[in-house]
Each structure stands twice: as C-alpha cells, then as structure tokens.
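**Student:** Make a model of this:
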Amino acid sequence: MKIGILQTGHAPDEILETTGDYDVLFQNMLAGNGFDFATYDVVDMDFPDAITDCHGWLITGSKHGAYEDHPFIPPLEAFIRDVYAADIPMVGICFGHQIIAQALGGTVEKFADGWAVGHTTYNWNGAPISLNAWHQDQVTALPDGAQVIAGNAFCQNAALIYGQKVFTTQPHPEFGSAYVDTLARSRGKGVVPDNQLAEVKANLDKPIDNAFVASQIARFFKEREVA
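**Tutor:** Here you go, the predicted model:
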C-alpha cells in the first residue's frame, strides 16, 4: 500500500540535521506495516498529479495556520475534498487535523486560552493516553460527519474520525521526547510562554503512547477503523 505524505511545513534546521524532515518521522513511525511512501512538499506547491497516485494520504503538521493566506492552502483544501469524495483513506496530524476539518466545513481558530505543548493526556474513547502536543490553533467547530474520539478540557476535539474516510489527531504521535525538547529550544523560545517551556523540559521522561496511535493510523489505512 502506497501512502502519500503531504508535507505542509518543514522541521526547524536544528531538527533537520539530526532526525530529518516531517516525512521521515512518519515513515519511521509507520515502519513495519508494509507501506511504501511518496512525499509531496505541498507547502512549496509540489502537489500530486492525481488523488489516485497513492492508496492513502497523510497530511503533516506545519508552523502555518489553516486560516492564514498561503498559496498552498486553497489547492490543498480542494485536494482534501476530492480525496474525501473519492473515499480514499486520509489521515491528518496537527495542522493536517485542522486543515481537513476546515476544508470539510469545520472551523479552526487561534485558541484564546493559549498553547498546549509537550506531554499531554487525553481521554481516548474512555481510556487515558498521553502524547506530545504542540499547538495554539484548534478545531473549534466540527464539520458534518466528524465524530470526536479523544479530547481533554483544554482541547475537546483532539482526535476525530469521519466514518471510514478520515482519521485525524491534534497531538503528534510522531514526536518523541528528544524531538519535543529540541523544538522547545528552537521554535518555542519567545513564542510559547516560558513557564510552559519549563514544563516541557520537566515532563520529558514521562511515558507517551506514540506506538498505540501509530498502530491505529496503520489500522485505519488498512482496515478503515480505529479502536
């Protein structure tokens, strides 16, 4: 099964030197599931020729806002709607979670209560899971067909399922502790409040459930369902 990674941003230079760009993180996260991958830098206007070029699509995170005026956003939204209409499985993470919701009629906003960064716990279908978050924007109104499967008091719409067509998460199952530490020291300084960056550092050793969510992404691509 060929998975097309739609890269909507690039990792900071400090991270590129050690772990590679966002597409590499997802390829490593989904390794061992029999997938082949193709990367398209849609943020740089490198789009697939057709929605049928791959068997499934994954949209990455980005430093950009889904509601901002960037050249890649209108064609990406059109691509999302075409994929959805064609019933090709699609996964979105962070910005990907947001842009899919927006493209399908939901609302994305800069959240008035600020940032979620680092180790964060969610209620996932009645069970607690922990993942690394890195966002200020949130999906604040759901599109038709979206069902919440994970959230917490700060981020109510943290993971969504759209029938058998789309699966998205606001937190980052591809971010390990070392990655978040570097992110806090590079892209976080002067942007995220200092007390929250200190909490990121203090919580680096806490366990996260990346493997569980990675298994659910793989399961969704193969079986069109999640637990």
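
**Student:** mind listing what's buried in the helix or strand bottoming out on mean pLDDT in the chain?
**Tutor:** Within the chain, judged by mean pLDDT, DSSP states H and E, the helix or strand with the poorest mean is helix 13-16; its value is a mean of 84. Using 16 or more other Cβ atoms under 10 Å as the test for burial, helix 13-16 gives residue 15. To be clear about C-beta, it is placed using only N, CA and C from the backbone, and glycine gets the same treatment.

**Student:** tell me what it is packed against?
**Tutor:** Applying 3 or more Cβ pairs under 8 Å, 6 or more residues apart in numbering; DSSP states H and E, one finds that helix 13-16 contacts helix 177-186.

**Student:** tell me what the helix it packs on is packed against?
**Tutor:** Helices and strands touching helix 177-186, by 3+ Cβ pairs under 8 Å, 6+ apart, are helix 13-16, strand 116-124, strand 127-135, helix 194-202.

**Student:** can I get the ones you listed in TSV with distance to residue 178?
**Tutor:** Output for these, formatted as TSV (distance: least, Cβ to Cβ, whole Å):
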stretch	distance to residue 178
helix 13-16	9
strand 116-124	12
strand 127-135	11
helix 194-202	12
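
**Student:** how far does the helix or strand following the least confident helix or strand of the chain sit from the chain's center?
**Tutor:** Per DSSP states H and E, the first helix or strand lying C-terminal to helix 13-16 is helix 22-29. Centroid separation for helix 22-29 versus its chain: 12 Å, with Cα atoms, centre = their mean, to the nearest Å.

**Student:** Also stretch 84-98?
**Tutor:** On Cα atoms, centre = their mean, the centre of stretch 84-98 falls 10 Å from the chain's centre.

**Student:** What of stretch 166-182?
**Tutor:** With Cα atoms, centre = their mean, you get 7 Å for stretch 166-182.

**Student:** now the end-to-end length of that stretch.
**Tutor:** Using Cα to Cα, to the nearest Å, the end-to-end distance of stretch 166-182 comes to 30 Å.
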